[in-house]
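In: Everything below, folded, please.
(one chain, ligands or ions: 1)
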Amino acid sequence: MDPIDRKQFLVRSFQVIAGTLIAAPVLARERDQSSSTNPFPTMPTTAHPPTATALTFAQVPLPYGHEALEPSIDKMTMEIHYTKHHAAYVKNVQEAIAAESITAASENEFFANVSKYSAKARNNGGGAWNHNMFWQVMKPGSTAPTGKVADAINAAFGSLDAFKEKFADAGMKRFGSGWAWLVAQDGKLAIGSTPNQDNPLMDVSELKGTPLLCLDVWEHAYYLKYQNKRNEYVANWWNVVNWDEVARRMA
Ligand code: MN3
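Out: Just a heads-up that it's a prediction; the model follows:
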């Protein structure tokens, strides 16, 4: 190779290498876009989508530590409740969605059609959703409701104490496992309860409405600390109700 050819060879080699380095990430991005339905190619796709369009239930991150609701709810109960019970509902509803090829596009649509699905889908879908709400309607150190929440409660039930009494009664009278609820029905507040993991969004539920507040009265929610004394659990639970979250859900 004479000196001039050699120089041109080195320049071309450099151009090829540089071109490859620049082109590679661009090609990778184009591949991502063409092979994925994810509209945000730089974001990871969801962990367990059974199909490209199916609904995915996931646990919300616990908004506080396992010990944060002590002494009303003890640390061990919180830890088992969140990491075992709730995690299992989420895992099992995802299995049901995949096995039954459920194509509901939203949680609301899923519950509005839940009578068409298996008991596994209904029970675990409810368990997944209800607990996500339950964690959010609690916080360490409750303060009394104010503003529109206080107004609505006073208008519907006469006073906060009267409301608490009626809500606790719904929780106490739920035989076996279930939930107590405060819901909005056509702009009015109502109290009721559901069995098992049913919720007021379900087509099968007697109680219907937009859930504003919920209380888990399954024994797994209180038995370690309160044993058979569900009434003490409910009484102490008022100390950790997050009324700001109730207000947000009322909006
Ligand atoms: Mn529970």
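
In: how about the residues of the stretch 101-250 of the chain near the ion?
Out: 216, 218, 221 (C-beta under 5 Å from the ion). Bear in mind the C-beta positions are built from the backbone N, C-alpha and C, glycine included.

In: Any stretches of the stretch 51-200 of the chain with poor pLDDT?
Out: The model of the stretch 51-200 of the chain has pLDDT under 70 over residues 51-53.

In: Kindly recompute the last result at 80.
Out: Along the stretch 51-200 of the chain, segments meeting pLDDT under 80 span 51-54.

In: what ranges do the helices span in it?
Out: Ranges of helices within the stretch 51-200 of the chain are 75-80, 87-99, 107-112, 119-136, 147-157, 160-173, based on DSSP state H, counting those that start in this stretch.

In: closest one to Val234 among the ones you listed?
Out: helix 160-173 (4.7 Å; C-beta to C-beta).

In: mind listing what's buried in that closest one?
Out: 160, 163-164, 166-168, 170-171 (16 or more other C-beta atoms under 10 Å).

In: ok, so of those residues, who is nearest Asp203?
Out: Ala170 (21.0 Å).

In: could you list every residue that touches that closest one?
Out: Ala170 is in contact with 180-181, 191-193, counting by C-beta atoms under 8 Å, 6 or more residues apart in numbering.

In: In strands only, show me the residues you listed.
Out: 180-181, 191-193 (DSSP state E).

In: Which of the residues you listed sits closest to the ion?
Out: Proximity of the ones in strands among the contacts of Ala170 to the ion (C-beta to the ion) peaks at Ala180, which lies at 12.5 Å.

In: Hmm, Asn199 and that closest one touching each other?
Out: No. At 11.4 Å, Ala180 and Asn199 do not qualify as touching, with contact defined as C-beta atoms under 8 Å.

In: Distance to Ala235 added to the contacts of Ala170, as TSV?
Out: As requested, these are exported to TSV (distance: C-beta to C-beta, whole Å):
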residue	distance to Ala235
Ala180	13
Trp181	18
Ile191	16
Gly192	20
Ser193	17
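
In: top of these by neighbour count?
Out: Neighbours here mean other C-beta atoms under 10 Å. Within the contacts of Ala170, the largest count is held by Trp181, at 27 neighbours.

In: who are the neighbours in contact with that one?
Out: With C-beta under 8 Å, 6+ apart, Trp181 has these contacts: 170, 191-194, 199-200, 207, 209, 211-215.

In: Show me what it is bridged to.
Out: Trp181 has these beta-bridge partners by DSSP bridges: Gly192, Cys214.

In: gap between it and Pro195?
Out: Per C-beta to C-beta, to the nearest Å, Trp181 is found 12 Å from Pro195.

In: Out of the residues of the stretch 101-250 of the chain next to the ion, which is nearest to Ala128?
Out: Distances from Ala128 to these, taken by C-beta to C-beta, are shortest for Asp216, at 13.0 Å.

In: Excluding sequence neighbours, find me the nearest residue to that closest one.
Out: Phe134 (5.4 Å; C-beta to C-beta, 6 or more residues apart in numbering).

In: thought Pro211 was touching Ser205?
Out: No. With contact defined as C-beta under 8 Å, Pro211 does not reach Ser205; the gap is 10.5 Å.

In: Overlap of the contact sets of these two?
Out: Joint contacts of Pro211 and Ser205 (C-beta under 8 Å, 6+ apart) are Asn199.

In: quick one on the thing from earlier: so which of the residues of the stretch 101-250 of the chain next to the ion is surrounded by the most neighbours?
Out: In terms of neighbours by other C-beta under 10 Å, those top out with Asp216 at 26 neighbours.
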